[in-house]
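Participant: return atomic coordinates for the entry below.
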Amino acid sequence: MSGAHGHVEGSNKRIALLIAVFALLLAIAETMAKSAQTDAINSNVEASNLWAFFQARTIRQTVVRTAGEELTFTRDATPEGPVREALTRQIAAWRATADRWESEPATGEGRKELTERARKAEAKRDKSYKRYHDFEIASAGFQIAIVLASATVITGAVSLAWIAGALGIVGLGFTAIGLFSPGLIHLF
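Facilitator: Predicted coordinates for the structure are as follows:
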């Protein structure tokens with residue numbers, strides 16, 4: 001009888017070690033998921049802010065262009081002289097400002113540059129969300145594997161340990177996908 005008890009005890013130790021490994025992998029996957037989720041949220045806020053700045057810049061540009069067009073009518077109705085010259089200078093200044101707001105590479109705050117920056121932030125957000133989902137699937141695999149491995153200890157059904165091992169491999173697979181090729185397998 002003691003020989004059989006020793007076999008069960010040794011088997012339970014291996015299952016306990018398996019559970020510990022899965023718990024470690026679960027903690028790592030959950031940490032990476034939280035980090036990816038935080039990156040996604042930060043990138044979403046950044047993209048949102050850039051698009052808001054783009055819209056504000058567009059509104060200001062439209063107002064300045066409209067004012068320049070309106071002032072052109074006034075200037076054209078004004079006789080030659082210093083007032084007409086002042087109006088012409090103002091129209092030119094407003095047009096230059098509107099053109100500068102279209103593309104301003106030095107500051108990165110022209111509409112063209114803002115669009116590019118916002119799209120990059122959106123791409124980063126999307127990749128981070130894919131990474132987050134992959135890590136969450138990995139976490140679910142590890143959690144279920146822990147439950148099945150624990151059930152093996154209670155029931156002695158070795159098949160549950162094998163299923164737990166397979167789910168652990170699935171968890172590792174999704175962790176690798178999250179790290180190296182986010183969104184490769186799209187489940188949600």
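
Participant: show me where the chain has its helices.
Facilitator: 2-76, 82-102, 111-155, 158-180 (DSSP state H).

Participant: between those, which gets nearest to H186?
Facilitator: helix 111-155 (8.0 Å; Cβ to Cβ). Any C-beta I mention is one placed from the backbone N, CA and C, and that applies to glycine too.

Participant: with respect to burial, which of the helices of the chain scores highest?
Facilitator: Mean neighbour count (mean count of other Cβ atoms under 10 Å) peaks for helix 111-155 among the helices of the chain, with a mean of 19.

Participant: so it versus helix 158-180, what angle?
Facilitator: Between helix 111-155 and helix 158-180, the angle comes out at 170 degrees (axes from the mean of the first three to the mean of the last three Cα atoms, to 10 degrees).

Participant: name the helices or strands packed onto helix 111-155?
Facilitator: helix 2-76, helix 82-102, helix 158-180 (3 or more Cβ pairs under 8 Å, 6 or more residues apart in numbering; DSSP states H and E).

Participant: packing partners of the shortest one?
Facilitator: Counting contacts by 3+ Cβ pairs under 8 Å, 6+ apart, the secondary-structure elements packed against helix 82-102 are helix 2-76, helix 111-155.

Participant: ok, residues contacting stretch 121-136?
Facilitator: Defining contact as Cβ atoms under 8 Å, 6 or more residues apart in numbering, one finds that stretch 121-136 is touched by 29-30, 32-33, 36-37, 39-40, 43-44, 46-47, 50, 174-175, 177-179, 182-185, 187-188.

Participant: now stretch 85-92, how far from the centre of its chain.
Facilitator: Offset of stretch 85-92 from its chain centre (Cα atoms, centre = their mean, to the nearest Å): 47 Å.

Participant: list the contacts for G178?
Facilitator: G178 touches A29, M32, A33, A36, K130, R131, Y132, D134, F135, A138, counting by Cβ under 8 Å, 6+ apart.

Participant: re earlier: tabulate the helices and strands packed on helix 111-155 (TSV), appending distance to E116.
Facilitator: Converted to TSV, the helices and strands packed on helix 111-155 look like this (distance: least, Cβ to Cβ, whole Å):
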stretch	distance to E116
helix 2-76	9
helix 82-102	13
helix 158-180	26
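
Participant: same list (the ones you listed) but as JSON lines, adding mean pLDDT and distance to G108.
Facilitator: JSON lines is the format used below for the helices and strands packed on helix 111-155 (pLDDT from 0 to 100; distance: least, Cβ to Cβ, whole Å):
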{"stretch": "helix 2-76", "mean pLDDT": "92", "distance to G108": "10"}
{"stretch": "helix 82-102", "mean pLDDT": "96", "distance to G108": "12"}
{"stretch": "helix 158-180", "mean pLDDT": "97", "distance to G108": "31"}
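
Participant: right, and these - which one's nearest T152?
Facilitator: That would be helix 158-180 among the helices and strands packed on helix 111-155, by Cβ to Cβ, at 4.3 Å.
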